[in-house]
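> give the three-dimensional model of this entry:
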Amino acid sequence: MNFDLTEEQAMIRAAAKDFAEKEIAPVAREINRNKIFPLDIIKKMGKLGFLGLILPTKYGGGGVDYISYCVFLEEIARADMGITATASAHMSLCAHSIEGWGTEEQKQKYLPRLCSGEILGFLASTEPDAGSDVAGIKTFATLQGNEWILNGNKMWITNGSYGGVGVVIAQTQKDGGSRGLTAFLVEKGTPGFTSKGIHNKLGLHSSDTAELAFDNCRIPKDNLLGPVGKGMSVALSAFDCARLGVAARSVGGSQACIDACVSYSQNRKQFGKPIGSFQLVQELIADMTVETEAARLLTYRAATIKDTTGEAATIETSMAKYYASEVVQRVAHNAIQIHGSYGYSDEYPIERIWRDARIGSILEGTSQVHKLIIGRAKTGLNAFS
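Numbering: from 1, shown residues only. So this is what the prediction gives:
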């Protein structure tokens, strides 16, 4: 495979890098220290077309390929991984699902507004007692006349407080398991739908995370997304796209650590010489660089397969997400080691990357779940009951 960027891909990388360096990096410490959701930055991203990159041009999107999407997320993540999580969830989980499963009327209604950043999108699958086990979802939807009545709770929903529309996965069949799941579109302000921000997180302080509640929430029958009983398929297709986003942002976080360590080791002196001349520091940077490049290649490979075949590339995306999300944690750990006590403070971005990176091996399927997905693909045997 040839991973040399095309002219368009290189332009997207340059535009994203310029935006990240000018608009995000200068304020990243402040918004994370004060746990501010940077809505103004998100709106600017929408105006520049960043929030609809992978959506068709007919709906106001950029119509770009997945490699372009990955390099965009990489560059934004080098400045702040939390903002990248916002953009990725918006596009991968919500807009991508509407584009793939929605009626033409639904696409016309929501996609232009999502692409422009007029509204943010989210997907609500996880519940207090249902994370990796999507089939264990208890939120229930009952059809009454021309309305669906939703009841239940969702947890850890990215963009849940600020999102204007979301894809909500619910049961529509008693004891239906995965076959009973159905997807719905729920707008902010719908009676019976409330959200509450989740605070005091370890990381991603610049990203909105919320708990959602549905109390006899009535939504129009036309807000069904895809066929009844196909909610698991909607969710899995969203996860395939979102996992690629997690991999790309993990690569960006790793690269940010490397960049910071190279600069620091060249300028920080101990025993009368730059610490970058010490063999063990060079060993750490070499390990960080090799692992990051390997994660990048796995991510680009998954994106290329999605671009060239039109398939979900589920296994390749799973491998990229699993490996990249683990790598960024090791890279950030070593980066703190190189920076010493300075790496333990927010004077440098390393401690923020270390905190932000931790969630990558949990959300969109834990590392352990991805090992089972990969193992099942290799052995043909299902570890899930």
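> in contact with residue 83, which residues?
By C-beta atoms under 8 Å, 6 or more residues apart in numbering, residue 83 lies in contact with 24, 38, 41-42, 76, 206-207. (Glycine included, C-beta is placed from N, CA and C.)
> ok, those residues vs residue 200, which is closest?
residue 207 (13.7 Å; C-beta to C-beta).
> how near is that closest one to residue 142?
From residue 207 over to residue 142 the distance is 33 Å, taken as C-beta to C-beta, to the nearest Å.
> those two: who's more crowded?
A count of neighbours by other C-beta atoms under 10 Å puts residue 207 above the other of residue 207 and residue 142, at 25 against 13.
> quick check: residue 126 vs residue 8, distance?
35 Å.
> the more surrounded of those two?
Taking other C-beta under 10 Å, residue 126 and residue 8 do not tie; residue 126 has more neighbours (19 against 13).
> doesn't residue 156 make contact with the more buried one?
Yes: using C-beta atoms under 8 Å, residue 126 makes contact with residue 156 at a distance of 5.0 Å.
> test my guess that residue 294 contacts residue 320.
No: here residue 294 does not reach residue 320: they are 10.1 Å apart, not a contact under C-beta under 8 Å.
> compare the two (neighbour count), which wins?
Between residue 294 and residue 320, counted using other C-beta under 10 Å, the more crowded position is residue 320 (29 against 14).
> need the per-residue pLDDT for the more buried one.
Residue 320 is assigned a pLDDT of 98 by the prediction.
> now for it: which residues touch it?
Listed by C-beta under 8 Å, 6+ apart, the contact partners of residue 320 are 243-244, 247, 295, 298-299, 301-302.
> swap the cut-off to 6 Å and go again
247, 298-299, 302 (C-beta atoms under 6 Å, 6 or more residues apart in numbering).
> what of residue 128?
Applying C-beta under 6 Å, 6+ apart to residue 128 gives the contacts residue 155.
> what are the phi and psi values for it?
Backbone torsions for residue 128, taken as degrees, to the nearest 10, come to phi -50, psi -30.
> do the same with residue 148
The phi and psi torsions at residue 148 (degrees, to the nearest 10) take the values phi -100, psi 140.
> count of residues packed around it?
24.
> strands along the stretch 1-150 of the chain, start to end?
For the stretch 1-150 of the chain, the strands defined by DSSP state E, counting those that start in this stretch cover 120-124, 140-144, 147-158.
> adjacent strands (with direction) for the last one?
Read that as strand 147-158. Applying DSSP bridges, strand 147-158 is found paired with strand 140-144 (antiparallel), strand 209-220 (antiparallel).
> looking at these, which is buried most?
By mean neighbour count, with neighbours taken as mean count of other C-beta atoms under 10 Å, strand 209-220 ranks first of these at a mean of 19.
> which element follows that one toward the C-terminus?
Once the chain leaves strand 209-220, the next helix or strand it forms, by DSSP states H and E, is strand 224-225.
> the strands of the stretch 1-150 of the chain into CSV, with extra columns for mean pLDDT and distance to residue 332?
CSV is the format used below for the strands of the stretch 1-150 of the chain (pLDDT from 0 to 100; distance: least, C-beta to C-beta, whole Å):
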stretch, mean pLDDT, distance to residue 332
strand 120-124, 98, 27
strand 140-144, 96, 41
strand 147-158, 97, 21
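> out of those strands, which is the most enclosed?
Stretch with highest mean neighbour count among these: strand 120-124 (a mean of 29; mean count of other C-beta under 10 Å).
> that one pairs with which strands?
Under the criterion DSSP bridges, strand 120-124 sits next to strand 163-171 (parallel) in its sheet.
> contacts for the strand it pairs with?
Outside of strand 163-171, the residues within contact range by C-beta under 6 Å, 6+ apart are 94, 97, 110, 119-125, 137, 139-141, 180-181, 183-184, 186-188, 231, 235.
> can you check stretch 174-184 too?
Residues outside stretch 174-184 that contact it (C-beta under 6 Å, 6+ apart): 135, 167-169, 171-173, 223, 225-226, 228-229, 231-232, 234.
> name the nearest of those relative to residue 3.
For the contacts of stretch 174-184, the closest approach to residue 3 (C-beta to C-beta) belongs to residue 234, at 30.9 Å.
> quick one: the closest one is in a strand?
No: Residue 234: not assigned to a strand; according to DSSP: H, G, I helix; E, B strand; the rest coil it is helix.
> how near is it to residue 93?
10 Å.
> residue 220 now?
Residue 220 is 22 Å from residue 93, by C-beta to C-beta.
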